[in-house]
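> here is a sequence together with a model predicted from it:
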Amino acid sequence: MRAALVVRVVRAGLLCGLSRAGATPRRISSSSGEPEKPGPPQSAAARPHGAPAPLWCFRLACRALLQLHGADTAAFLQGVITNDMALLEEDLQALYAHMLNVQGRTLYDIIIYRLKEPSDDLSGVLLECDSSVLDSMTRHLKVYKIRRKVTVTPRDDLSLWTLLPRNSAWDRLQPPLTTEEGREKPLVLVQDPRTELMGWRMITSSTQNPAELLTDCEQADTEQYHRHRYTIGLPEGVGDLPAGEALPLESNLVFMNGISFSKGCYIGQELTARTHHTGVVRKRLMPLSLSVPAESLQPGGALETAGGKPAGKLRAGMGQLGLGLVRLVHANEPLTLRASTQTSVTVHAVEPDWWTKDSKVK
């Protein structure tokens with residue numbers, strides 16, 4: 001008789017007490033029931049001895065940066081990404097999107113950054129992608145730019161950081177920068193465009209130390225950043241979004257503010273638009289909690305119902321957290337994942353809190 005390993009349901013809640021996308025940040029209430037007013041950010045010197053810094057800072061070596069500049073940059077990107085470049089030109093500084101193949105499947109998940117203060121050596125836009133596909137993405141862009149006036153340059157002299165509040169007492173629109181005279185500012189410091197649960201993105205020179213740019217932060221292990229992503233069910237990179245396999249709407253691109261259905265044509269639009277207008281998305285990427293480490297399970301392993309019906313696939317994971325592509329009709333049922341050791345793992349998936357209300361699994 002096979003041993004049964006119980007997989008607990010993950011309720012993709014709030015790390016650091018951040019609210020779901022579009023909601024007002026919450027404040028901690030005092031014993032009287034009145035919300036406490038947040039005080040000014042403490043510097044490292046003012047913070048009580050041994051007290052933790054209010055911000056975690058993660059250097060994302062798993063992500064790479066490209067610079068695109070030239071007169072045709074915006075028009076070129078408009079034809080190869082799922083989102084609308086006009087939003088970036090109007091009022092946003094960061095834009096999330098996918099690049100699709102002609103069959104409408106995801107090739108690359110990207111964030112595009114507009115530079116507020118262009119310089120002689122840094123102009124146009126910066127494009128963030130998975131570092132493992134930097135070369136293939138560069139080739140992809142050069143294939144489609146044809147004769148457009150666009151230059152594509154890898155920027156390994158820049159570093160990408162994510163900043164996450166440590167707890168719910170944080171109630172500021174942006175991490176406070178140091179006021180020390182002569183200190184350089186980050187090239188980019190902007191709220192993550194996918195959901196405010198992901199904090200802020202920061203781009204600096206590779207020689208800059210974030211502790212010298214912000215009044216108070218503590219650098220942490222990047223594994224903690226990925227655990228946070230898997231806890232709330234947010235995919236990132238080719239491990240979570242396999243190139244040529246993942247479908248953008250099943251990957252929750254709408255919930256991550258990564259697609260425009262009114263911008264016009266782009267590569268891979270036809271299937272995506274048709275799926276959207278039919279209003280039918282039968283599977284979604286959802287967070288899972290595992291009683292065994294995800295590393296011991298085979299990515300792509302089949303999920304089944306108790307009656308043996310196909311219910312989805314395990315996509316990726318870390319430790320006892322993971323992501324799975326789950327058929328929504330079976331999302332509220334106990335599911336089974338068959339491990340390589342022939343051990344049966346029971347899975348029960350629950351939708352993340354940051355999904356929009358009309359998307360909830362019925």
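Good, I have the coordinates.
> got phi/psi on residue 330?
phi -110, psi 10 (degrees, to the nearest 10).
> surely it meets residue 306?
No - look at residue 330 against residue 306 with C-beta atoms under 8 Å: they stay out of range, at 9.7 Å. Using the backbone N, CA and C atoms, a C-beta is placed for each residue, glycine as well.
> those two: which is more packed in?
residue 330 (21 against 12; other C-beta atoms under 10 Å).
> what's the neighbour count on residue 51?
10.
> you'd agree it is in a helix?
No - Residue 51 sits outside any helix when classified using DSSP: H, G, I helix; E, B strand; the rest coil, being coil.
> distance of it relative to residue 167?
The spacing between residue 51 and residue 167, counted by C-beta to C-beta, to the nearest Å, is 11 Å.
> now swap in residue 160 and tell me
The gap separating residue 160 from residue 167 is 24 Å, by C-beta to C-beta.
> who's more crowded, those two?
With neighbours defined as other C-beta under 10 Å, residue 160 and residue 167 compare such that residue 160 has more, 24 against 12.
> what about the more buried one, distance to residue 85?
Residue 160 is 21 Å from residue 85, by C-beta to C-beta.
> okay, now the unreliable bits of the chain?
Applying pLDDT under 70 to the chain flags the ranges 1-50, 118-122, 168-173, 179-182, 339-342, 357-362.
> common neighbours of residue 51 and residue 167, please.
Counting by C-beta atoms under 8 Å, 6 or more residues apart in numbering, residue 51 and residue 167 have no common neighbour.
> ranges for the helices of the protein?
For the chain, the helices defined by DSSP state H cover 73-78, 85-90, 134-145, 210-213, 222-232, 269-278.
> and the contacts of the last one?
The set of residues external to helix 269-278 that reach it, using C-beta under 8 Å, 6+ apart, is 82, 100, 103, 104, 247, 248, 249, 254, 259, 261, 281.
> redo that, cut-off 10 Å
The contact list for helix 269-278, computed with C-beta atoms under 10 Å, 6 or more residues apart in numbering, reads 79, 82, 98, 100, 102-106, 247-250, 253-254, 259, 261, 263, 265-266, 281-282.
> these, buried ones only, as a PyMOL selection?
Buried residues among the contacts of helix 269-278 (16 or more other C-beta atoms under 10 Å), as a PyMOL selection:
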select buried, resi 79+82+98+100+104+105+106+247+248+249+250+253+254+259+263+266
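> narrow the contacts of helix 269-278 to those in strands?
Filtering the contacts of helix 269-278 for membership in strands, criterion DSSP state E, returns 98, 100, 106.
> could you double-check that residue 230 sits in contact with residue 237?
No - if you go by C-beta atoms under 10 Å, residue 230 and residue 237 don't touch, sitting 11.9 Å apart.
> okay, those two: which has more neighbours?
Taking other C-beta under 10 Å, residue 230 and residue 237 do not tie; residue 230 has more neighbours (25 against 20).
> OK, contacts around the more buried one?
10, 12, 236, 240, 287-289, 294, 316-323.
> of those, closest to residue 356?
residue 12 (13.8 Å; C-beta to C-beta).
> and residue 211, how far from residue 217?
Distance, residue 211 to residue 217, by C-beta to C-beta: 6 Å.
> of these two, who's got more company?
Between residue 211 and residue 217, residue 217 has the larger neighbour count (other C-beta under 10 Å), namely 22 against 15.
> residues touching that one, list them.
Contacts of residue 217 (C-beta under 10 Å, 6+ apart): 44, 53-57, 161, 163-164, 166, 175-176, 202, 210-211.
> among those residues, name the buried ones.
Buried, going by 16+ other C-beta under 10 Å: 53-57, 161, 163-164, 166, 175-176, 202, 210, out of these.
> quick check, nearest of these to residue 334?
Closest to residue 334, out of all of those and judged by C-beta to C-beta, is residue 164, at 32.4 Å.
> I figured the closest one hits residue 57, correct?
Yes - between residue 164 and residue 57 a contact is recorded at 8.2 Å, counting by C-beta under 10 Å.
> mutual contacts of those two, please.
Among the neighbours of residue 164, those also in contact with residue 57 (C-beta under 10 Å, 6+ apart) are 175, 199, 200, 217, 220, 225.
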